[in-house]
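1. Show me the folded form of this:
(one chain, ligands or ions: 1)
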Amino acid sequence: MMQRDITNFRTYIISESVVFSKTNEAFGGLSNMAPGFPLFVNDNIVSNSEMLYQAMRFSLFPDIQYEIISQNSPMTAKMISKKHLERSRQDWEQIKIKVMRWCLEVKLCQNWDKFSELLKQTGTKSIVEFSTKDQFWGASKNGYNNELIGQNALGRLLMEMREKFILQEKKLLKVSPLNITGFLLYGNEIESIYSDSVYTLEH
Ligand SMILES: Nc1nc(O)c(N)c(N[C@@H]2O[C@H](COP(=O)(O)O)[C@@H](O)[C@H]2O)n1
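-> Okay, here's the model as predicted:
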C-alpha cells in the first residue's frame, strides 16, 4: 500500500487562505482546468495548462499527446491520460513537480496580464486547491470546519511563482525547456517559450 507522505502535509485555515476549486469561481483561474489561458508550445496551441501537463506524461507517445490536447475539455483530457497510464514516462513520479512548475510558468509567461493580476490579488495568503480526493496536488477537509489538509503541491507551486515573479515585480519573459531526456511535444524537442510581446515581435 502506498504510504502517505505525512511530513509534506500542511494544514490550512480556510478563512485565511485563497481556496480555489471550480473554474468559474473568483480564483478559478488559478486552476489548471481554467479556460482563457491558452499556451503556445513549438507553435502548437494548447487550450489550458492541464492538457499540457497531462500531455508531458507521454512525451514519447505523440499520438497520445495529440489525443489529450485535441479534447474539448481539460477533464476529458485528464480522463484520456488515465486511460493510458501504463505508457507514462518511467521517470514521471520523479519529474512531475518540475513539469508542473514548467507548465505554470508557461501559463504565466504567455498570459502575463491576466494571470499575474490574479496572483497579485491573492496578496500573501496561502493558495490552496480544494479537492475531495487529491491530497497531493490539493488539500481536503479534515473534519474541522475551517481547515484543509494536504500536500497542496499545486498551491505551493503557485505561491512559489508568486514570490519569484509577482512580489519581486519581475516579469516572466522567457521559460526555458526542462533539462530532462525526451522533453518532447509531438516528437520535437520543446523550445524556449516567450511571453506574448516577445512572441509577437519575434514571429
Ligand atoms: N478538477 C480536478 N479534479 C480532480 O479530480 C483532480 N484530481 C484535480 N487535480 C488536478 O489534476 C492535475 C493533476 O493530475 P494527476 O493526478 O497528476 O494526473 C492537477 O492539475 C491538479 O490540480 N482537479
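2. separation between residue 173 and residue 105?
-> According to C-beta to C-beta, to the nearest Å, residue 173 and residue 105 sit 11 Å apart. (C-beta placed from N, C-alpha, C; glycine too.)
3. and these two? which has more neighbours close in?
-> residue 105 (20 against 13; other C-beta atoms under 10 Å).
4. Can you tell me which residues in the protein are near the ligand?
-> When proximity is defined by C-beta under 6 Å from any ligand atom, the chain lies next to the ligand at 32-33, 50, 53, 129, 131, 133-134, 137, 154.
5. Just the buried residues of those residues.
-> Buried subset of these (neighbour count, 16 or more other C-beta atoms under 10 Å): 32-33, 50, 53, 129, 131, 134, 137, 154.
6. Mind checking which of these land in strands?
-> Judged by DSSP state E, those include residue 129 as members of strands.
7. Using a markdown table, please lay out the buried ones among the residues of the chain next to the ligand together with pLDDT and distance to residue 59.
-> A markdown table is the format used below for these (pLDDT from 0 to 100; distance: C-beta to C-beta, whole Å):
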| residue | pLDDT | distance to residue 59 |
| --- | --- | --- |
| 32 | 98 | 18 |
| 33 | 98 | 21 |
| 50 | 98 | 16 |
| 53 | 98 | 11 |
| 129 | 98 | 24 |
| 131 | 97 | 25 |
| 134 | 96 | 23 |
| 137 | 98 | 20 |
| 154 | 98 | 20 |
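8. so where's the longest helix in the protein?
-> Counting by DSSP state H, the longest helix found in the chain is helix 92-110.
9. Many thanks, we can stop here.
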